[in-house]
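Participant: Pasting a predicted model and its sequence here:
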Amino acid sequence: MAKEKNKREKKAGQKLTLGAVILEPGSTRNYHTGAWRVYRPVLDNSKCVSCSNCWKVCPDAAIKRTPEGKFYIDYTYCKGCLLCLNECGVKAIVKEVEVK
Amino acid sequence: MKKVEESSIAVAIGAKLARVQVFPMYPITPSTHIQEQIAEYVNSGELEAELIDVESEHSALSAAVGAVAAGSRTFTATSSQGFALMFEVLPIASGMRLPIVMAVANRALSAPINIWNDHSDSVSARDQGWIQLYVESGQEALDTTIQAFKIAEDKNVLLPVMVNLDGFSLTHVFEEIDEPEQKEVDAFLPAYKPEHFLDVKNPKTFGPIAFPDSYMEFKKQQQDAMIKSLETIKKVNSEFAKKFGRPYGNGLIDTYKMADAKFAIIAMGTVCGTARVVVDELRKKGKKAGLIKLRCLRPFPTEDLLRATKGLKALGVIDRHVSLGFEGPLFADLKAVLNSNLKMAGFIAGLGGRDVSMKHLHKVFSEIEKAKPKGSWLL
Amino acid sequence: MDLKEIRIHGRGGQGAVTSSQVLAIAAFFDGKKSQAFPYFGVERTGAPVEAFARISKEKIFLRQHVYEPDFVLVLDSSLVHALDITKGLKKNGLIIINSNKKPLDFGLKGFKVYCLDITKTALEIIGKPFVNIAALGAFAGLSGEVSLDALNKAIGQRFENNARIGELNKKACAKLFEEAQKQK
């Protein structure tokens, strides 16, 4: 039983805290949701007008901006839902089949 | 300092002396005077607290959850339908192990609409992981409000506490109270310093999901903490008694003339006051009557009740709530734990503010003296 | 048991609840134990209202309604005909009615009935028909359950934020206390 419990705690990555508080901040960053993508959206910065539509609709906050203001896609977290592609008014995003 | 004060105000004084830091409020009859008085303290600067005017009781308790998670000592109050609207948040507060203290001015639930006292609001929520204390007088309401923070914030407990006082039957009663000195309360109740709290500089996650492989473990932790809190409640009661000279039984139950009693009533709240007078009358007639005042409904003080009922022939149980379709919840609880040789009868009384009179309680005593006592509704 | 129970009949807005509270505070200043509580029914101006007080030398545990009062104080005489103000009143119990009529006019048998024109005194001294506190002067004078000193202190405390009305109430109380003692 105790062994079983230890195993479970190990799996959860930490001890069962009071009230289920997670002490390590930003732990969801460890979930690399981009790993199982089928379609890969590709952003062509030469067409992009920086309207930020894609950034607003991305359910995984995987559209990011460089310090210079250029948008890019963070493939570590992009699940390939293609909402960005659908919403892009200037067709700056195209889809490719993921190679894996 | 001794003075005559309304019991609602006594609760507010308790909260003020406890140096409550956040007070989310959504007033509802008959808890209103508690909220008005605390608002007055905040307004006059007597209490340095953040008063949050919210848009519903659900929000009031939600705000309390946030405030305690952020590390503040937090208090709120409600009644009846307001309490019912808070229900969704009750298990969140206890599951997150947040030591909120809430005064409940007990009032019947609609329908029919009724603003008067019974215990149907709080007793309906007895399974939600809140410690539930019931008080008999204005003084006890004040003292218990202070004790509640000490119990809730204890490292071995970390659970929310409800201080239940009978709506109108107690909240609107003026009587003598002794207001403790601030510095004595400060010595009794140090500032709340949680180990983990919401802090932007040191981020943590509160209220995450627990999957089937860990949810039960978290619930077991809560159950263990509830059971452990029995000791804490006793300890806090005796520490309080030592400091302020006012014991409330052992904190969990209070007994009156039980040492040699053969017939007794068990009840919660203001009914106990009237029951004391009835016990005195019966004692004058040579009857071995007694009273058990249940101060703590959850956690359930099984051992203390077993000890208190030793030697007793019969017990009349007063419930100011009925589990519709079954019986009084306290009666059911007691039957589960007490000696099966003890004769017991359950009485449903005082619903929707119906007075529980001396006549009613005399009736209970004469019923339990019978060979086969039968419970009934005290109409 | 030296427990004394008082029932105050008034109409919504007359301040019967405040009467009972001030009475309880006064008893406290006399070194007694006390309790005051209202019966909340319809909270509407003019509706019959009842408020209660208990006074005792010993700590009061009793929390049932007041069923058999020792004293009845009626702030509005029209209530005598509207409801049974003698209900449960102890034999030879004291009834004080705010009225300019005579006790016999009310036909209440088996009780000690006194009529004092509290409204008149209030109008003369306070300038407004505030009878709830003034009536306590009459109650103190006739029942002897609270002293005028204690009553004055209690009024002072209750009207902390409205000292002018407090002082006028004290004056009205003193006058009715005197009148009551003359009638006694």
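Facilitator: Everything's here; your move.
Participant: Could you pull up phi and psi at C:C115?
Facilitator: Dihedral angles of C:C115 (phi, psi; degrees, to the nearest 10) stand at phi -120, psi 130.
Participant: could you pull out the helices for chain C?
Facilitator: Under the criterion DSSP state H, chain C contains helices at C:16-29, C:79-82, C:118-125, C:134-143, C:148-158, C:163-183.
Participant: for the second one, the distance to its chain's centre please.
Facilitator: Right, helix C:79-82. 16 Å (CA atoms, centre = their mean, to the nearest Å).
Participant: Report how many residues lie close to B:L351.
Facilitator: For B:L351, the count of nearby residues is 22 (other CB atoms under 10 Å in any protein chain shown). For the C-beta atoms, the positions are set from N, CA and C on the backbone; glycine is no exception.
Participant: List the residue ranges of chain A that fall below the pLDDT cut-off.
Facilitator: Counting by pLDDT under 70, chain A contains low-confidence residues at A:1-14.
Participant: what about the strands in it?
Facilitator: A:39-43, A:63-65, A:71-73, A:93-97 (DSSP state E).
Participant: Paired strands for the first one, with orientation please.
Facilitator: According to DSSP bridges, strand A:39-43 has the following sheet partners: strand A:93-97 (antiparallel).
Participant: for the strand it pairs with, which positions count as buried?
Facilitator: Within strand A:93-97, the residues scored as buried using 16 or more other CB atoms under 10 Å in any protein chain shown are A:I93.
Participant: what sits up against that strand?
Facilitator: A:38-44, A:54, A:82, A:84-85 (CB atoms under 8 Å, 6 or more residues apart in numbering or on different chains).
Participant: okay, it in CSV with CA atoms only?
Facilitator: Presented in CSV, the C-alpha positions along strand A:93-97 are these (Å, rounded to 0.1, in the frame of the first residue of the first chain):
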residue,chain,number,x,y,z
ILE,A,93,-0.5,31.1,-42.6
VAL,A,94,-0.5,27.9,-44.6
LYS,A,95,-0.6,24.2,-43.4
GLU,A,96,1.9,21.5,-44.0
VAL,A,97,1.6,17.8,-43.0
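Participant: which residues in chain A form helices?
Facilitator: A:2-12, A:53-57, A:83-87.
Participant: how close does the closest residue to C:G41 other than its chain neighbours get to C:L79?
Facilitator: Closest residue in space to C:G41, ignoring its immediate chain neighbours: C:A47 at 6.9 Å, by CB to CB, 6 or more residues apart in numbering or on different chains. The spacing between C:A47 and C:L79, counted by CB to CB, to the nearest Å, is 11 Å.
Participant: if you count what's nearby, which of the two comes out ahead?
Facilitator: Higher neighbour count among C:A47 and C:L79: C:L79, with 19 against 12, using other CB under 10 Å.
Participant: dump the residue contacts of that one.
Facilitator: C:9-11, C:48, C:85.
Participant: and what of C:R63?
Facilitator: Here C:R63 is in contact with B:169-170, B:173, B:270-271, B:273-274 (criterion: CB under 8 Å, 6+ apart).
Participant: Redo the residues you listed as TSV? Include distance to B:N114, pLDDT and neighbour count.
Facilitator: Formatted as TSV, the contacts of C:R63 follow (distance: CB to CB, whole Å; pLDDT from 0 to 100; neighbours: other CB atoms under 10 Å in any protein chain shown):
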residue	distance to B:N114	pLDDT	neighbour count
B:S169	13	97	29
B:L170	17	98	30
B:V173	19	98	26
B:T270	17	98	28
B:V271	18	98	29
B:G273	22	98	22
B:T274	21	98	24
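Participant: From those, list the ones also adjacent to chain A.
Facilitator: Counting by CB under 8 Å from any CB of the partner chain, nothing from the contacts of C:R63 sits close to chain A.
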